[in-house]
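> coords please:
(4 chains)
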4 protein chains.
Amino acid sequence: MAEIKNIGVYTSGGDSPGMNSAIRAVVRTALYYNLEVTGIRRGYEGMITGDLFPMDRKSVANIVQRGGTILKTARSEEFRTPEGRQKAYKQLKRYGVDALVGIGGDGTFTGAKVFSNEFGIPIVGLPGTIDNDLQGTDFTIGYDTALNTVVEAVDKIRDTAESHDRLFIVEVMGRDSGLIALRTGIASGAEAILIPETKTNIEALYQRLEQGRRDKSSKILIVAEGDEAGGAFEIGRLIKEKYPNYDTRVSVLGHMQRGGHPTCMDRVLASRVGVAAVEALMAGHSHEMIGVINGQIAYTPFENAIKHNADIDSNLLRIVDILSL
Amino acid sequence: MAEIKNIGVYTSGGDSPGMNSAIRAVVRTALYYNLEVTGIRRGYEGMITGDLFPMDRKSVANIVQRGGTILKTARSEEFRTPEGRQKAYKQLKRYGVDALVGIGGDGTFTGAKVFSNEFGIPIVGLPGTIDNDLQGTDFTIGYDTALNTVVEAVDKIRDTAESHDRLFIVEVMGRDSGLIALRTGIASGAEAILIPETKTNIEALYQRLEQGRRDKSSKILIVAEGDEAGGAFEIGRLIKEKYPNYDTRVSVLGHMQRGGHPTCMDRVLASRVGVAAVEALMAGHSHEMIGVINGQIAYTPFENAIKHNADIDSNLLRIVDILSL
Amino acid sequence: MAEIKNIGVYTSGGDSPGMNSAIRAVVRTALYYNLEVTGIRRGYEGMITGDLFPMDRKSVANIVQRGGTILKTARSEEFRTPEGRQKAYKQLKRYGVDALVGIGGDGTFTGAKVFSNEFGIPIVGLPGTIDNDLQGTDFTIGYDTALNTVVEAVDKIRDTAESHDRLFIVEVMGRDSGLIALRTGIASGAEAILIPETKTNIEALYQRLEQGRRDKSSKILIVAEGDEAGGAFEIGRLIKEKYPNYDTRVSVLGHMQRGGHPTCMDRVLASRVGVAAVEALMAGHSHEMIGVINGQIAYTPFENAIKHNADIDSNLLRIVDILSL
Amino acid sequence: MAEIKNIGVYTSGGDSPGMNSAIRAVVRTALYYNLEVTGIRRGYEGMITGDLFPMDRKSVANIVQRGGTILKTARSEEFRTPEGRQKAYKQLKRYGVDALVGIGGDGTFTGAKVFSNEFGIPIVGLPGTIDNDLQGTDFTIGYDTALNTVVEAVDKIRDTAESHDRLFIVEVMGRDSGLIALRTGIASGAEAILIPETKTNIEALYQRLEQGRRDKSSKILIVAEGDEAGGAFEIGRLIKEKYPNYDTRVSVLGHMQRGGHPTCMDRVLASRVGVAAVEALMAGHSHEMIGVINGQIAYTPFENAIKHNADIDSNLLRIVDILSL
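So this is what the prediction gives:
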């Protein structure tokens, strides 16, 4: 194993709050160990087009608190082809990059695995996604911030729901997973939570609402966008059909869930794994995602990290039922 | 004019942040002047059904900062009928209410005018709506909070827009008015603002976007929901049609714009007009909305307050054009 | 063991964000299991004076998001005496309370242990304190919120620090512990963190600052209030003495760190342990604090929970050194 | 009057939120009119040392929402001397700057007036200070943000005050003026407000507190730092002396009041006066501060703008008395 001299860092896939904290940690740690650092803009696309630049201490000053990613992110079709990856490798050589830290999710690691296998360049990954859908870490960078963004938005919606005794159906992110819906539903005091992992029982929902209608109290339903019964608009339509006079409103929180200043937890997580990523590369690791499990740094091979596993905690589901009584 | 002894207070129409600050001010001021205060729940509906209760100092403790309205709000069809209003008047008599403060918008004042004319009960109104669409006050209670809610949401969206070099089309409240869109557009650094008061020039918009596409920079469009060219989804469809490969996203901010803790400005405004409302009733005023114009309390007859007048400041429109260059 | 019919709930010691979420969970869970619930105001003081009242579903409506505690909190000297505790027990009997959930910290559990031993009444505790200084749970209710409150305040201070190239010395809570200082320091990108668990090396600090002075860059020091070298003002004095011309400012964040809306994490934690507390009492538990360790509900005898153990993660300390390079 | 070709822009004095929005507006407007723009770092100090650089559209991208000032700010002793100003003028000549926009407060404009008189260079000023202490504008850039920062902090403190039935004495910024204290006091529902413009009546304060002590309710006092009876610690000491058993706490909000993202209002104000400043210079204005009075752009000679005039609205003082009943 050749000694590492220059670490390239990139973000890829959807952006998530805390990616900048992670970039900062990678850069500062590399400099701390007297390594060079090369920033790569727009993920694999920038790797191919050669959008690389040297980073120093100042490159990451005053970014720990910013949402989004200063390295930008993009999807790259070309990187899926051997020719595209060949171009990317040449650019890395040109800039002297001999190891990589990729920050992102499933797609980021899939690309990294293939690329590392083809060219023998060591790569470690950091879990940067709001979806918390990766094995090998208790939490992904951005998840905690997204949860708080949702909860703050639902708090505002509740003001209106309470004032009007209305039912609000709020759709939150989660195409394949109810993780965001589940935690924000508990935290927002939602009356029911509809997620892809469980079969939505529309009849039971009606019954619960029927009671709410009699009580004239406000109600909040949280629906994950990927719920198999449909998104918030479809659920709203079904309820309207059943109870034409019920005062319901639909709100789709949308892209604001991806942005915003990272929370303390996301910044600390990003900082920890950013430091660990550089140290892992120096210690000879590759093909691994660096996460935190039970408070300890954990190294998970890419192939395991990206195996989805909808791990809905049934205890949390039970809590929704009890508390929304 | 008989001396006033018991003031009833109610909120009506859409809720807005700061209504609670106004309620608090009305209650405390009435008590200060040794008057009684009666809370009326759910606006005119509660007046008819007799949902009235005496309020004291404690009734409004610790509410100055809360969104929504502790008195709740509702629409009432029955109040549009003479029989409904007759019932309402009887309930007021029963509780000894001899003057009213109604907090709301256009519909609230229309109802108040008719009711006051029919039964000779003095009523003054306070401008509680996020739309800022009333004559007789520079700002309505809740408008400033809504502006900040929008701006904070767009700040988050911009994080993602910047990271992906994307175009975001953000729809904000304003069925008949571009007031929210205009100010939040300036404050968010939007590239263009589409409002009902001006004819949307889609060709000019395309041209501006074409330039953005070449620059690979992010763009934010703010669209008032009542724009005559359609809401955000329709604008998004038109752009997609013209530029099929353009990376655009649509976000409709929705009901969260009505909630949240009132800003300092909304609380101060609500407190000022709340005090003035009680003092106005004591001084024999009626049929008037109490607002603030150029920093001074202003009294406007209901019929003038509710005459809409889309008063878009052409200077602000000009600023959008200059700054989004 | 007699069957439990009526659970009393109280908060005690310093308030922390999320206590209301915990109260709500205890009340709703008890009702779910057809138990009665009795609220006790002002902790042990209210127990003695008999400030008890029955709670129902509505008692905890719309509080999940509120800071502070609706049950209020107080210190009680009288409860430290056998006579005081005797009075308290009589009041509980009078209201039919046959089990207790106490929410608070060290002092709360010490009192609970003695009381439960004397009168045989089952008591479980929930960790409600911003200090995260209890054994038996990874996080206490309120800690995550306090971390975010500090981080948001330091973000604001950094704006000014950057604009003026100034050194800011920010004091955060933590009389005996640097836990808040450590995590917020990492999250805020602080140049140094001064905590009671490690000997503050003023010379090393000077050297780091000397470099900052030459670079003309801004610097943030985070000082735990209990640091053995003194609080922020004392550190500021020492620096001023050494570098009379250095532009330094001191800011003590103070009591705002205890308030504010709980974060999603604190609300979920509070909800989980609140449900578990009632179920634990029903299952015959007593003398235990209910926490969450590695994502699982954990039961810890009071005597272990309250044994302090300044458990500073040396890995986090190392991260500060690396990242502030 | 020679035609203007290159506008220099700088910030000076204490930073305030919205300065970046103003810088952005100046730069974009100048470019819109095909003028060149030169950024000057650290105000008059940078002018003397020649810290100037050309600004383009990208220089101000994505800054509209950031606190602080990207141009930094500093105090300059040397600029108070004719030699210093001579150096500054030479640097401006060297970079081709033929007009200036200075953003700041009293000191900024005093310097601008002298400099403009000596060298005949046209200068207009923008009111950038959180103190709102300038004639010629209803509001200064940053004031609204500071008000909201204070109000949000006091909301958090109130959570704790309510939970403990405590008295909190909160010190807010305002060395010479109670403007911040007055509005935030109303908005926070403070029981009393102590400001330099009115003689603090300690006896009346005691009486009001005495009542609060009997009611066992929480209380908030807002004290402007420049109050003639002393700051929050001194007031706390006096109260403690009178009521040794009273549970009081002091909190000094400090420097966080200067930072944070500007509110919508501050961004719109900054954008408006930024556009107007460039247009004013082009129209031949000089020696004037550009503000907004009653919604209209207003031009005020520097000598009038900087004449302090503690303009406390006695109506607002009256409101505090009524509402804190």
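> Now the closest residue to A:Arg267 other than its chain neighbours. Its backbone dihedrals?
Closest residue in space to A:Arg267, ignoring its immediate chain neighbours: C:Ala187 at 3.8 Å, by CB to CB, 6 or more residues apart in numbering or on different chains. C-beta here means a position set from N, CA and C on the backbone, and glycine is covered the same way. Phi and psi for C:Ala187, reported as degrees, to the nearest 10, are phi -70, psi -30.
> number of nearby residues for C:Ala187?
Residues within reach of C:Ala187, counting by other CB atoms under 10 Å in any protein chain shown, total 29.
> That one touches A:Ser271, doesn't it?
Yes: using CB atoms under 8 Å, C:Ala187 is in contact with A:Ser271, at 7.5 Å.
> Need the residues touching each of the two.
Both C:Ala187 and A:Ser271 are in contact with A:Ser21, A:Val64, where contact means CB atoms under 8 Å, 6 or more residues apart in numbering or on different chains.
> Assign a three-state SS to the residue of the stretch 151-300 of chain A found nearest chain D, would you?
Shortest the stretch 151-300 of chain A-to-chain D distance, computed as CB to the nearest CB: residue-wise this is A:His261, at 9.3 Å. With DSSP: H, G, I helix; E, B strand; the rest coil as the basis, A:His261 sits in coil.
> for it, what are its contacts?
A:His261 is in contact with A:Pro17, A:Gln65, A:Arg66, A:Gly67, A:Thr145, C:Glu152, C:Asp155, counting by CB under 8 Å, 6+ apart.
> what's the spacing between the fourth one and B:Lys90?
Separation of A:Gly67 from B:Lys90 (CB to CB, to the nearest Å): 57 Å.
> And those two? Which one has more around it.
Between A:Gly67 and B:Lys90, A:Gly67 has the larger neighbour count (other CB under 10 Å), namely 26 against 14.
> The more buried one against B:Ala161, yeah?
No: applying CB under 8 Å as the test, A:Gly67 and B:Ala161 come out as separate, 10.8 Å apart.
> Helices along the stretch 101-250 of chain A, start to end?
Along the stretch 101-250 of chain A, the stretches classed as helices by DSSP state H, counting those that start in this stretch are A:106-119, A:143-164, A:179-187, A:202-215, A:232-242.
> So which bits of chain A are right by chain D?
By CB under 8 Å from any CB of the partner chain, no residue of chain A approaches chain D.
> any low-confidence regions in chain A?
Applying pLDDT under 70 to chain A flags the ranges A:1, A:212-216, A:307-310, A:325.
> Strands along that one, start to end?
Along chain A, the stretches classed as strands by DSSP state E are A:6-11, A:36-40, A:52-54, A:99-104, A:123-127, A:167-172, A:192-194, A:219-224, A:248-252, A:288-293, A:296-301.
> Which one of the ones you listed lies nearest to D:Ala277?
strand A:52-54 (35.2 Å; CB to CB).
> Distance check, A:Leu100 against C:Gly102.
Taking CB to CB, one finds A:Leu100 at 52 Å from C:Gly102.
> which one of those two has more residues nearby?
C:Gly102 (28 against 24).
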